[in-house]
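> predicted model follows, preceded by the sequence.
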Amino acid sequence: MTTRTDPDARGDLPLWTGIARQTDYWWTVYKRTWRSSVVSSFLAPLFYVVAMGVILGGFIEGDPDQLEGASSYLAFVVPGLIAAHAMQTAVGETTYPVMGLIKWQKVYDSMLATPLQVSHLVGATLGFVLFRLVTTCAVFTAVLAPFGVYASWWGPFLAFLAQVLTGMAFAGLVYGFTARLQSESAFGLLFRLGVFPLFLFSGAFFPVDNLGAVGSWVARLTPLWHGVNLSRMFALDNVTWWLAGVNVAVLLVLCVVGWSWSVTGLRKRLVS
Amino acid sequence: MAPDPAPDSMISARGLRKSFGDFEAVRGIDVDVRRGEAFGFLGPNGAGKSSTMRMVAAVSPVSGGELRILGMDPAVDGPAIRSRLGVCPQEDTLDTELNVRDNLYIYGRYFGMPKKEVRERVDELLEFVQLTDKADAKVEDLSGGMKRRLTIARSLVNRPDLLLLDEPTTGLDPQARHVLWDRLFRLKQAGVTLVITTHYMDEAEQLCDRLVVMDKGLIAAEGSPLDLIREHSTREVAELRFGVAAEGGSHEAVAEKVADLGDRVEVLPDRLLVYSADGEEVVAKTLERGLRPVATLVRRSTLEDVFLRLTGRTLVD
């Protein structure tokens, strides 16, 4: 008769325990990749700010009526740009890297041979995305503070939360998409037909009213617009609270849907 | 805790099934593995060995029948079962961008082992699989045999009661296989229960106390390697290779001429196998009949012959 006391209670392992056990793994991944992520996370968006916000923005009249309350184009474009960048970071982290964990390196397979369960793997991977979003958006927001683009001291904090929430809404959706993909070739389509048009037409660079009656409503239906709008309302201290409520609700619902879509997708893929 | 009805039962399966859509990979098998033994699943690719292994590893849900691992039901106690298993998968699933030591350390943390304990365990394991001097090497720089040894070390990090090895030496060169067998033999001597799938009959003979021969999702025979050979084959086998053009057109035609020399004759594409207690006598009588094989070989029966007898096919196609 075995007298060994098992560290695990019978039944399922709690979600937080399973996620916590992967911290060493993700910390190692971060130590390995942070240098290359500096370029995509900080330098590239700063180039955008300089090129679009400062230089191109210099040609645009800072009319608050035209720019959703912003007194300069730079102040208009920054909160939208960070939200759009949060989307890109989230998509970047949940496409090729997740495909690698599932299919190329099969790290997930090795994890599932331990007490860890599918929801723990999704939880830790999305937790890492959250960490990446928090650091990226925080640094980005802080670096731009001296440019006088924020209308209040509390605005950028709420805008920051909005940006992170935007990223997480995309993280879950794209993770679930990746979990169901057999081959990575569909990522090209996702970037060209999904991410890129959203980036350009969801109100990050210009008020969506410029898209015409139909176009502006289509833009308002996209997840990114909710994030951009929320982020900008807070940053410019020009908040329509009922609309902010709608934006938050939409993004939260997408997060919940994304989580469940991801867990079911990965379970189907790996535990057959 | 309720008293365990069979405390020495590591795996118990009754009518175990696994299907993927319409395809039945495992079609109702009974298996019992006891503490301390080395148990093998022998069969060709596609026999259902890996599907069985994934169910036993408490990863793949059971489609039918009953399965108990360490006395527990994998559908209910998957994490608790897996915390006491070591799994060495068919394909290496090492993180190729981490170094050797980190691969082991991080894996130990998945089991909830404290950091200090994992570090000590990692040093022990590196020693055991003879990779201490490679501790800081990147995995991608290791040879195939070293990667396998690292995978085995990783599967031992949690001091498992039951070690599952899926095709442990497939793709390795002969020397690397022998190093690995030696390590596995030491584990067996240390009392670790081993479950091995293989399509190499020499591996099964080397390592397994008891094995089942699997074919098309079913168990064709069960026993120790020696018992299986005794029961399903003769002591010796005479292998006769003919230049077929000279001897009536085909090996089938020659087979008729030697059929009475042994208990039975198997016709393979390139040779005849004549099963008999005395192989030398078969060869001598073949020559007496004026038949002229281009090559002859007399050997002991192996599990390969058992498999051929039971299924009419060879293990490695």
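Received, thanks.

> hey, let's count contacts and neighbours off CA atoms from now on
Fine.

> can you report phi and psi for the residue in chain B positioned nearest to chain A?
Relative to chain A, the nearest point of chain B is B:Pro79 (4.0 Å; C-alpha to the nearest C-alpha). Here is the backbone geometry of B:Pro79 (degrees, to the nearest 10): phi -60, psi -40.

> which parts of the stretch 151-272 of chain A sit against chain B?
A:271-272 (C-alpha under 8 Å from any C-alpha of the partner chain).

> returning to what we had before: report pLDDT for the residue of chain B closest to chain A.
On pLDDT, B:Pro79 comes in at 95.

> what separation is there between the spatially closest residue to it that is not a sequence neighbour and B:Arg82?
Of all residues not flanking B:Pro79 in the chain, A:Pro115 sits nearest, at 4.0 Å (C-alpha to C-alpha, 6 or more residues apart in numbering or on different chains). For A:Pro115, the distance to B:Arg82 (C-alpha to C-alpha, to the nearest Å) stands at 5 Å.

> is B:Leu172 in a helix, a strand, or coil?
Assigned with DSSP: H, G, I helix; E, B strand; the rest coil, B:Leu172 falls in the coil class.

> so who does it touch?
Listed by C-alpha atoms under 8 Å, 6 or more residues apart in numbering or on different chains, the contact set of B:Leu172 reads B:144-145.

> please apply the same query to A:Val78.
Counting by C-alpha under 8 Å, 6+ apart, A:Val78 touches A:49, A:53, A:149.

> for it, which three-state class applies?
helix.

> secondary structure element holding residue 178?
All of this is about chain A. Assigned by DSSP states H and E, A:Thr178 belongs to helix A:155-180.

> that was the other one, I meant chain B.
Using DSSP H and E, B:His178 falls within helix B:174-189.

> tell me the residues on chain B that lie near chain A, please.
Within chain B, the positions near chain A by C-alpha under 8 Å from any C-alpha are B:4, B:7-8, B:20, B:57-61, B:76-83, B:85-87, B:93-96, B:106-107, B:109-112.

> could you pick out the buried ones from these?
B:57-61, B:77-83, B:85-87, B:93-96, B:106-107, B:109-112 (16 or more other C-alpha atoms under 10 Å in any protein chain shown).

> next one: the residue nearest to B:Val212 when sequence neighbours are not counted from B:Leu211, what distance?
Nearest residue to B:Val212, sequence neighbours excluded (C-alpha to C-alpha, 6+ apart): B:Glu222, at 4.3 Å. Applying C-alpha to C-alpha, the value for B:Glu222 to B:Leu211 is 6 Å.

> so between the two, which is more surrounded?
Neighbours per residue (other C-alpha atoms under 10 Å in any protein chain shown) separate B:Glu222 from B:Leu211, with B:Leu211 holding more: 25 against 17.

> can you confirm the more buried one is in a strand?
Yes. Applying three-state DSSP, one finds B:Leu211 inside a strand.

> for the stretch 51-200 of chain B, which segments are assigned as strands?
B:64-69, B:85-88, B:162-166, B:193-198 (DSSP state E, counting those that start in this stretch).

> and residue 6, what's its pLDDT?
Going with chain A. 47.

> switch to chain B, that's the one I care about
61.

> same thing with B:Thr311?
B:Thr311 carries a pLDDT value of 83.

> for it, the count of nearby residues, please.
Number of residues near B:Thr311 (other C-alpha under 10 Å) recorded here: 16.

> nearest residue to it other than its sequence neighbours?
Nearest non-adjacent residue to B:Thr311, counting by C-alpha to C-alpha, 6+ apart: B:Asp215, 7.3 Å away.

> for the one you found, list each beta-bridge partner.
Per DSSP bridges, the residues bridged to B:Asp215 are B:Leu218.

> my read is that it contacts B:Asn45, right?
No. Contact criterion C-alpha atoms under 8 Å: B:Asp215 and B:Asn45 do not qualify, at 9.1 Å.

> tell me the buried residues in stretch B:141-150?
By 16+ other C-alpha under 10 Å, the buried positions in stretch B:141-150 come out as B:142, B:144-150.

> actually stretch B:175-185, not the one I typed
For stretch B:175-185, a neighbour-count test (16+ other C-alpha under 10 Å) marks B:176-177, B:179-181, B:183-185 as buried.

> which residues sit against it?
Applying C-alpha under 8 Å, 6+ apart, the contact partners of stretch B:175-185 are B:128-129, B:145, B:149, B:169, B:206-207.

> equivalent analysis for stretch B:126-141, please.
By C-alpha under 8 Å, 6+ apart, stretch B:126-141 touches B:94-101, B:123, B:146-147, B:149-150, B:153, B:183.

> among those, which two are most distant?
Farthest apart among the contacts of stretch B:126-141 by C-alpha to C-alpha are B:Glu97 and B:Arg183. That separation is 25.7 Å.

> so where's chain A shaky on pLDDT?
A:1-10 (pLDDT under 70).

> go again using 90 as the cut-off
For chain A, residues meeting the criterion pLDDT under 90 lie at A:1-12, A:32-54, A:58, A:60-71, A:105, A:143-149, A:272.

> residue closest to the middle of the chain?
All of this refers to chain A. Residue closest to the mean C-alpha point of chain A, counted by C-alpha atoms, centre = their mean, is A:Gly167 at 1.6 Å.

> that answer is for a different chain, and I need it for chain B
Residue closest to the average C-alpha location in chain B (C-alpha atoms, centre = their mean): B:Thr198, at 2.5 Å.

> I'd say that one and B:Ala204 touch.
Yes. At 6.8 Å, B:Thr198 counts as touching B:Ala204 under the criterion of C-alpha under 8 Å.

> mutual contacts of these two, please.
B:40, B:42.

> please enumerate the helices of the stretch 101-250 of chain A.
Ranges of helices in the stretch 101-250 of chain A, per DSSP state H, counting those that start in this stretch, are A:107-112, A:118-144, A:155-180, A:186-189, A:196-201, A:212-221, A:223-235, A:241-270.

> revised request: answer the last question for chain B.
B:49-56, B:74-82, B:100-110, B:115-128, B:144-155, B:174-189, B:201-207, B:225-232, B:251-258, B:279-288, B:303-311 (DSSP state H).

> make JSON lines out of those and add distance to A:Ala142.
JSON lines is the format used below for these (distance: least, C-alpha to C-alpha, whole Å):
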{"stretch": "helix B:49-56", "distance to A:Ala142": "50"}
{"stretch": "helix B:74-82", "distance to A:Ala142": "43"}
{"stretch": "helix B:100-110", "distance to A:Ala142": "34"}
{"stretch": "helix B:115-128", "distance to A:Ala142": "36"}
{"stretch": "helix B:144-155", "distance to A:Ala142": "43"}
{"stretch": "helix B:174-189", "distance to A:Ala142": "55"}
{"stretch": "helix B:201-207", "distance to A:Ala142": "62"}
{"stretch": "helix B:225-232", "distance to A:Ala142": "70"}
{"stretch": "helix B:251-258", "distance to A:Ala142": "83"}
{"stretch": "helix B:279-288", "distance to A:Ala142": "86"}
{"stretch": "helix B:303-311", "distance to A:Ala142": "70"}
